[in-house]
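Peer 1: okay, here's the prediction I keep looking at, along with the sequence it came from:
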Amino acid sequence: MPGKTLYDKLWEDHVVHTEDDGSSLIYIDRHLVHEVTSPQAFDGLRLAGRKPWRIDRNLAVADHNVPTTAREQGIADPVSRLQVETLDNNCAEFGITEFAMTDPRQGIVHVIGPEQGATLPGMTVVCGDSHTSTHGASGALAFGIGTSEVEHVLATQCLVQKKAKNLLIKLNGPVGLGVTAKDIVLAIIGTIGTAGGNGYTIEFAGEAIRNLSMEGRMTVCNMAIEAGARAGLVAVDEVTIDYYRDRPYSPKGEHWFMAERYWQRLYSDADAVFDKVIELDATAIKPQVTWGTSPELVVAVDGCIPDPMLETEGGKRQSMQRALEYMGLQAGQAITDIQVDKVFIGSCTNSRIEDLRAAADIAKGKKIAGNIKLALVVPGSGLVKRQAEAEGLDKIFIEAGFEWREPGCSMCLAMNADKLEEGERCASTSNRNFEGRQGYGGRTHLVSPAMAAAAAVAGHFIDVRQL
Amino acid sequence: MQAFTLLNGLVAPLDRANVDTDAIIPKQFLKSIRRTGFGPYLFDEWRYLDHGEPEMDCSQRPLNMDFVLNKPHYQGAQILLARENFGCGSSREHAPWALEDFGFRAIIAPSFADIFYNNCFKNGILPIVLPAETVDRLFKELADGYRLTIDLAAQTITTPNAATLAFTIDETRKYRLLNGLDDIALSLLHADKIAAYENGRAKRAPWLFASNLK
Ligand code: SF4
């Protein structure tokens, strides 16, 4: 018998029942709920006269539609307001714990989960949101689900699933100075493509991953979905366990020691067999900047925009050409020659305290360039915001000309008032650079928080390693 | 999902072929955050004289009294008698949601659009296909207070003059509808296993069940 992968172990621990056709009923330890994908699910429950199976497994928060300014005035857009109010009412009716918009713990669902200890190592975690993969950073099996599945989880605390295959992505060696978790994951996606992880659960391993903080590991797992995998994982180690000590919902007393013992077995056995293994040289990774409308269209900051005509595969060449047209860029242009209009530091990829520290480090004592119309810093949660303010980061940003906002998804998907105008170019720390993602006709370049702050100061992309 | 076993219901006729999903529920209502509450907007453009928008209070809107469902003697109808190709158009599940929310539990027609037919079963509605001549005869027989009895287990329809009409239906669909089983209901057939799993896990990982969220 070969050993087990981390994914195998997590899966086995949660199987309730397996059908003849191989589909299994999987127990869900934590269900996170937000306003956009839950209303019809709650309605479904009401319609069928069903109660949630286990109320204390659910935690809700409004994040996608919330304004990042003047929150005490409520939400101006009636459609957004109705969605948020619907969540409030549903949670009240069903007795589900919700961090309301004015709760100091409110924030992006994938930031507050780990921050509160509401998502823990070894758990199965689901949410009606594809970036649920973020929580895999703690050695939890975490993935996004659709609205009918949201209803299914509420009603049964289970999901019907078929097991995915195992993919190991190993980052050999350490990364260089100025290279962050975001650069690692963008480089991975640039290498394996946005479909590279289709059908797999990805475990990220190797020295460069081990060296990351929990925040950094969350950034990597957050974008597993952008590599085509529903779930990303990092094995539990001391970094993981230290992170969860004393979180509000973390186990206490004797339970903590029991949990610690359980968590310590959450790694892939040395003789575990993966369906596929990809090894990358982490020492070769440079700060990354995407230039197209898919996260895989990415190059190092000291590079140039590739020439579609050199691409031999016809479909890919066409999509590169279309991307260049949409982005208003030309083959051969140096990345550092690209000027930006707006800067967004935030999203469930990069809005945790470390991200803000890294950005503030660059912004300290400087001013944003004259061509920057707006530079936003949107903390991932109320607690991140408070922590940043205690460290004086807000002052650094404000003095440099950034706006310091209230927590939420904000310009990551522009469902609230924060958006790009048509043709505007943005250096963004979020995870998707799709057409229109940050506003109709907007152009998104995905970068790390330090790179985004550097672009704000310089007015164009610039290699943080030279600052 | 509501089970469907035996239904004795008032019949309302909709004497048009090719009733499409846009007619059943116009597209502006798809913006809704809800899966329920579409009943008042069912056949919106036919039922009302004004233009409907989501969240409108339909009790204040001018009714088209020529439209069949607005006739007093069809109030409370649960069976819709329809013509060929009922439910054609888009795949929107809002169409069966609206019909079900309005109160319809069965639709009898010579033929249905494929996706709509499937969507009905997910929402507790029984679509029954009868030969065109039989449907035509029902349209002719239909008078005030006309009721049909539909027995899904026996696959029969009984008319007021005690005639019995047989219909066919796929076995698995029949089973799921008879038992009111949707995906959730099927998973809940394993409720004892879920509970047993929870008990076991609470012993192995008690911390997961200790801290109630506040
Ligand atoms: S921050 Fe962006 S990616 Fe993350 S949950 Fe919000 S909208 Fe989705």
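Peer 2: Happy to help now that I have it. Numbering: from 1, shown residues only, chains lettered A, B, ... in the order given.
Peer 1: what helix or strand is the closest residue to residue A:181 other than its chain neighbours located in?
Peer 2: Leaving aside its chain neighbours, residue A:181 sits nearest to residue A:216 (3.5 Å; criterion: Cβ to Cβ, 6 or more residues apart in numbering or on different chains). Every residue, glycine included, has its C-beta placed from N, CA and C. Assigned by DSSP states H and E, residue A:216 belongs to helix A:214-222.
Peer 1: that helix packs against which elements?
Peer 2: When contacts are defined as 3 or more Cβ pairs under 8 Å, 6 or more residues apart in numbering or on different chains; DSSP states H and E, helix A:214-222 packs onto helix A:109-116, helix A:181-192, strand A:200-205, strand A:231-233, helix A:238-244, helix A:353-363.
Peer 1: try 7 Å this time
Peer 2: helix A:181-192, helix A:238-244 (3 or more Cβ pairs under 7 Å, 6 or more residues apart in numbering or on different chains; DSSP states H and E).
Peer 1: quick one: closest of those to residue B:151.
Peer 2: Residue B:151 sits nearest to helix A:181-192 of all the helices and strands packed on helix A:214-222, at 57.4 Å, using Cβ to Cβ.
Peer 1: is the ligand within reach of the closest one?
Peer 2: No - interface with the ligand: helix A:181-192 contributes nothing (Cβ under 6 Å from any ligand atom), its closest point being 13.6 Å away.
Peer 1: that helix vs helix A:353-363, what angle?
Peer 2: 100 degrees (axes from the mean of the first three to the mean of the last three Cα atoms, to 10 degrees).
Peer 1: related to what we said a few turns ago, mean pLDDT and distance to residue B:177 added to the helices and strands packed on helix A:214-222, as CSV?
Peer 2: Listed next are the helices and strands packed on helix A:214-222 as CSV, based on pLDDT from 0 to 100; distance: least, Cβ to Cβ, whole Å:
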stretch, mean pLDDT, distance to residue B:177
helix A:181-192, 97, 45
helix A:238-244, 97, 47
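Peer 1: which one of these is the most hemmed in?
Peer 2: helix A:181-192 (a mean of 25; mean count of other Cβ atoms under 10 Å in any protein chain shown).
Peer 1: please save the CA atoms from it in PDB.
Peer 2: Below are the C-alpha coordinates for helix A:181-192, written out as PDB (Å, rounded to 0.1, in the frame of the first residue of the first chain):
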ATOM      1  CA  ALA A 181       3.500  34.700  -3.000                       C
ATOM      2  CA  LYS A 182       1.600  36.500  -5.700                       C
ATOM      3  CA  ASP A 183       4.500  36.300  -8.100                       C
ATOM      4  CA  ILE A 184       4.900  32.600  -7.300                       C
ATOM      5  CA  VAL A 185       1.300  31.800  -8.100                       C
ATOM      6  CA  LEU A 186       1.200  34.000 -11.300                       C
ATOM      7  CA  ALA A 187       4.400  32.300 -12.400                       C
ATOM      8  CA  ILE A 188       2.800  28.800 -11.800                       C
ATOM      9  CA  ILE A 189      -0.300  29.800 -13.800                       C
ATOM     10  CA  GLY A 190       1.900  31.300 -16.600                       C
ATOM     11  CA  THR A 191       3.700  27.900 -16.700                       C
ATOM     12  CA  ILE A 192       0.800  25.400 -16.500                       C
END
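Peer 1: stretch B:115-127: which residues count as buried?
Peer 2: B:115, B:116, B:117, B:118, B:119, B:120, B:121, B:123, B:124, B:125, B:126, B:127 (16 or more other Cβ atoms under 10 Å in any protein chain shown).
Peer 1: the least confident helix or strand in chain B by mean pLDDT packs against which elements?
Peer 2: None of the helices or strands of chain B scores lower by mean pLDDT, DSSP states H and E than helix B:114-122, at a mean of 81. Packing partners of helix B:114-122 (3+ Cβ pairs under 7 Å, 6+ apart): helix B:94-102, helix B:171-178.
Peer 1: may I see the ones you listed organised as a markdown table, with distance to residue B:147 added?
Peer 2: Formatted as a markdown table, the helices and strands packed on helix B:114-122 follow (distance: least, Cβ to Cβ, whole Å):
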| stretch | distance to residue B:147 |
| --- | --- |
| helix B:94-102 | 18 |
| helix B:171-178 | 21 |
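Peer 1: among these, single out whichever gets nearest to chain A.
Peer 2: Of all the helices and strands packed on helix B:114-122, helix B:94-102 sits nearest to chain A, with 8.8 Å by Cβ to the nearest Cβ.
Peer 1: so which elements touch the closest one?
Peer 2: Under the contact definition 3+ Cβ pairs under 7 Å, 6+ apart, helix B:94-102 sits against helix B:21-24, helix B:114-122.
Peer 1: chain neighbours aside, what residue packs nearest to residue 86?
Peer 2: You didn't pick a chain, so chain A it is. Residue A:86 sits nearest to residue A:39 (Cβ to Cβ, 6+ apart), 4.9 Å away.
Peer 1: wait, chain B
Peer 2: Per Cβ to Cβ, 6+ apart, closest to residue B:86 is residue B:109, 4.4 Å.
Peer 1: what's the answer for residue A:130, then?
Peer 2: Nearest to residue A:130 is residue A:144, by Cβ to Cβ, 6+ apart, at 3.8 Å.
Peer 1: ditto for residue B:21
Peer 2: In space, residue B:21 is closest to residue B:89, 3.9 Å off (Cβ to Cβ, 6+ apart).
Peer 1: mind checking pLDDT for that neighbour?
Peer 2: pLDDT, residue B:89: 70.
Peer 1: equivalent analysis for residue B:213, please.
Peer 2: 69.
Peer 1: and residue B:183, how far is that from the ligand?
Peer 2: Separation of residue B:183 from the ligand (Cβ to the nearest ligand atom, to the nearest Å) stands at 26 Å.
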